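Trainee: Everything below, folded, please.
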Amino acid sequence: LLVLLCFLSVGACLTGVWHKGDRLDSNQSIFLTVGLKQRNVAALKQFVSEVSDPRHPRYGKYYSLTQLTSLMAPLDEHLSFVINWFHTAGATAVTPTLGRDFLTVVIPAAKLEKILGVTMHAWSHKTSGRTIHRANTRDYTWPSAISGFLDVVTGVSDFFDYQRERTQVIQQAAEKAAKKTSSPDFQRIQGSEHTIVAEFMPYCLNGNKATLSSSGISCGTYGVSSVDLTLYTRINPGGVTHTFNAKSLRCTQNCMTPSIAVEPFGRFNASIITKYSNGDQSLPGKYTPFFQPPEQITPYTIRKRYNVPTDIQGTNKTNLMSVGEFEAQYISVKGDLYSFFREMGQDQETPIIHGENNPAKPGGESTLDIQYLMGVAPGVPSVFWSVSGNVRKGAYILEWAMQVNNATKPPLVTSLSYGDVELGFYNNYGSWKYIERMERELAKMAARGLTVVASAGDAGCTNVGFGGNDLSPLDKTCTPFRPVYPTSSLYVTSVSASFFTKNSLPVCNEPVYGTPIFPTECDEIGEVAVGISTGVFWTTGGGFSNLTFFEKRPSWQEKAVSHWFKWATTNGTGGKLPPTQYWNSAGRAYPDLSTVGLNLVVVWNGVNFPIGGTSASSPVWAALVALLNDARLNAGKPPLGLMNPMLYMAHERVPGAFNDITVGQNADALVQPKGSPWPSRCPYGFQTAPKWDPVSGLGSPNWGKLLDFAMKMRT
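Mentor: Presented below is the predicted three-dimensional model:
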């Protein structure tokens, strides 16, 4: 019923998030992306299966854009008919792509209203005020004369949020639901394996937020004089309290304490108390999970940990790599990026800018993506592929796919750090057409030898309480599990997030006899999955796709996944899998592998800043793939393309090709703000295991061994 309501009424889906404004002027231009029905889809999928399989004689013998167009494009007479129809209907511009299976259409609002029987309005987002031009309803159909040629059309009634907009919605809902208590909102702890800082929001005695300003922290007639941060560690189980004068705190949107030295790679619980100038003090604010200080990460760290020799860098000028960016996420090249290179001791390089960029407004996501793509793979030509801007405000991943497939020399590897739960695409577009078309566009990329890498999500297998949904409202419950797209696609490499710690073996996380609070001490640095259960404030994604109605689990991962099923039913938590009604055991399993995704140091707005997320792991892996491609191209071999069959083969045949990750689980989501009605932790999920698992995939890469394997393949 919910899906039907969302399809029939825009307002039913978007109440409280988007506000319908005035009807557009009749001459206001509307920009549409029109996907035309394609031919020979089954032949495309079969071709991709063959050219991606290292055992097949066709391996690496990719299509050119011309060959792919001949296979997939509509017949010439059909294309001409559609173009003429739009012109006759009043379109001012109709432009086909080089592949001839997409059109970009510009049409006056009044003409589109007449065609579809809708009214076009300026919609504004509740939290940001951002406006977008969309119809008043999703209850429309294209005329029968044209509908048979159309596959999917965007720009009429599709909406998507920026992550910062959705995060504001969560914060506002949490504040509304919160009980009026004086306890600080202890939001997160950050730092390195040696030092940490605590981030919190102080509250007043009446339960209202304190006012933060350059002159201090105020509660009206009284202020905040100091805070007590208490750390409960193995060495000091009774707690050690650090008192900070209010003037020593750094307060903007929240407050941060000065740095505190901690036991390297130690684990601890924490609480914080606010002391007021009137002599009173707050209730304690407790950090929800324990905290485990992770190692700080630079490109040098990544290359060292993943066995990339120090002298390896890109030299082949045809070897393009890129990051795909949306949501007005821009970069500062001459400021942040060049500063990053200086800070990391690397030579300065300049990316190609494709699309719009505003260097005065760099985004955190885009800054992270470009700096670690270029930092990990120096010398490889890079493209910042931006799908944003005033004209195409609603453009999303299908627009990006259209652009890439329209390029004569596209990037050979692209990292995508965006997505939504699979059902969000259905609810937003009224059918599965959008995902079905995206799958074909991603298959076209694979047919041309292109690699697409996607992040696995940052809120576990449930996605509950996550503010990063691009299309759909926040998910409020722990069940059912909610797989994320495009990382669940058959034609991308899905990447989960890990971090480096000395507590990387299961024994390191078991309590010492007689000390049930604190686990065993270990010495060797290894990797664990990011999660609340491992002392982080968010949880890496993973699970099984629900899209088996048009695709079954791919053969290249069947053996690895079957091994996990056998392990999970005999050695897993209580020898049990999560209840079957919450997930699709027959679906495409993800992630495929993990790379580090926590505490990566970037330069953002001129400041060194630690950032994390599977959206950090994705560009790291894309950079490592670009270095593999560079070696193959220099040896006269084709690029790796859809490399998942090769990865699972390497895992089976090459000992040590991946570093196994056996600590962590993804039942949890992320630490919620004070008063949030949504849970941080959930009862069901998946756990890490020897070999492949739906938390860490195959593990993290040993680049040197993967290079040897990639160079020994026959083409």
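Trainee: Would you map the strands across the stretch 601-715 of the chain?
Mentor: Remark: strands assigned in the stretch 601-715 of the chain by DSSP state E, counting those that start in this stretch are 607-611, 658-659, 700-701.
Trainee: What residue, apart from its backbone neighbours, is nearest residue 715 spatially?
Mentor: Spatial nearest neighbour of residue 715, chain neighbours left out: residue 60 (4.1 Å); criterion: Cβ to Cβ, 6 or more residues apart in numbering. Quick note: C-beta positions are derived from backbone N, CA and C, even for glycine.
Trainee: and that neighbour, that one's in a helix?
Mentor: No. Looking at residue 60 with DSSP: H, G, I helix; E, B strand; the rest coil, it is coil, so not inside a helix.
Trainee: mind listing what it touches?
Mentor: 51, 449, 637-638, 641, 713, 715 (Cβ atoms under 8 Å, 6 or more residues apart in numbering).
Trainee: follow-up on the earlier one: any idea which of the strands of the stretch 601-715 of the chain is most buried?
Mentor: Ranked by mean neighbour count, the strands of the stretch 601-715 of the chain are led by strand 700-701 with a mean of 27 (mean count of other Cβ atoms under 10 Å).
Trainee: Can you spell out which helices and strands pack onto that strand?
Mentor: If you count contacts as 3 or more Cβ pairs under 8 Å, 6 or more residues apart in numbering; DSSP states H and E, strand 700-701 packs onto strand 593-596, strand 658-659.
Trainee: quick one: that strand to chain centroid distance?
Mentor: Its chain's C-alpha centre and that of strand 700-701 lie 18 Å apart, by Cα atoms, centre = their mean, to the nearest Å.
Trainee: Direction included, what does it pair up with?
Mentor: Sheet pairing for strand 700-701, assigned by DSSP bridges, gives strand 658-659 (antiparallel).
Trainee: Show me the contact partners of the partner strand.
Mentor: 526-527, 593, 650-651, 698-702.
Trainee: how does it look with 6 Å?
Mentor: 651, 698-700 (Cβ atoms under 6 Å, 6 or more residues apart in numbering).
Trainee: what do you get for stretch 602-616?
Mentor: With contacts defined as Cβ under 6 Å, 6+ apart, stretch 602-616 is touched by 190, 336, 339-340, 364-365, 367-368, 371, 417, 455-456, 458, 497, 540, 597-601.
Trainee: swap the cut-off to 8 Å and go again
Mentor: Residues outside stretch 602-616 that contact it (Cβ under 8 Å, 6+ apart) are 190-191, 296, 332, 335-337, 339-340, 343, 362, 364-365, 367-369, 371-372, 417-418, 455-458, 495-497, 499, 530, 536, 538, 540-541, 596-601.
Trainee: Are any of these buried, and if so which?
Mentor: 190-191, 296, 332, 335-337, 339-340, 362, 364-365, 367-369, 371-372, 417-418, 455-458, 495-497, 499, 530, 536, 538, 540-541, 596-601 (16 or more other Cβ atoms under 10 Å).
Trainee: Which of the residues you listed fall in strands?
Mentor: Those of those mapping onto strands are 190-191, 455, 495-497, 499, 596, 600-601, per DSSP state E.
Trainee: Name the pair among those residues with the greatest separation in space.
Mentor: Longest distance between any two of these is 24.6 Å, between 191 and 495; criterion Cβ to Cβ.
Trainee: Grab the nearest non-local neighbour of the spatially most central residue of the chain.
Mentor: The centroid of the chain falls nearest to residue 417 when counting by Cα atoms, centre = their mean (3.7 Å). Using Cβ to Cβ, 6+ apart and skipping the chain neighbours, the partner closest in space to residue 417 is residue 615 (3.3 Å).
Trainee: what about that neighbour, neighbour count?
Mentor: Other residues near residue 615 come to 28 when the count uses other Cβ atoms under 10 Å.
Trainee: Determine the three-state secondary structure at residue 569.
Mentor: Residue 569 - assigned by three-state DSSP - is helix.
Trainee: Please look at it and residue 577 and confirm they touch.
Mentor: Yes. With contact defined as Cβ atoms under 8 Å, residue 569 counts as touching residue 577 (6.3 Å).
Trainee: Compare the two and say which is more crowded by neighbours.
Mentor: residue 577 (17 against 11).
Trainee: which one is residue 466 nearest to, not counting chain neighbours?
Mentor: Nearest to residue 466 is residue 459, by Cβ to Cβ, 6+ apart, at 3.6 Å.
Trainee: ok, the one you found - contacts?
Mentor: With Cβ under 8 Å, 6+ apart, residue 459 has these contacts: 465-466, 468, 538-539, 541, 669-670.
Trainee: ok, now residue 98?
Mentor: Residues near residue 98 by Cβ under 8 Å, 6+ apart: 65, 69, 406, 408.
Trainee: Buried residues, the helix or strand that the second one is a member of. List them.
Mentor: With elements taken from DSSP states H and E, the one containing residue 69 is helix 65-72. Applying a neighbour-count criterion of 16+ other Cβ under 10 Å, the buried positions in helix 65-72 are 65, 68-69, 71-72.
Trainee: Check stretch 84-104 too.
Mentor: Within stretch 84-104, the residues that qualify as buried by neighbour count (16+ other Cβ under 10 Å) are 85-86, 89, 91, 94, 96-97, 99-104.
Trainee: Just the ones in strands from those, please.
Mentor: 94, 96, 102-104.
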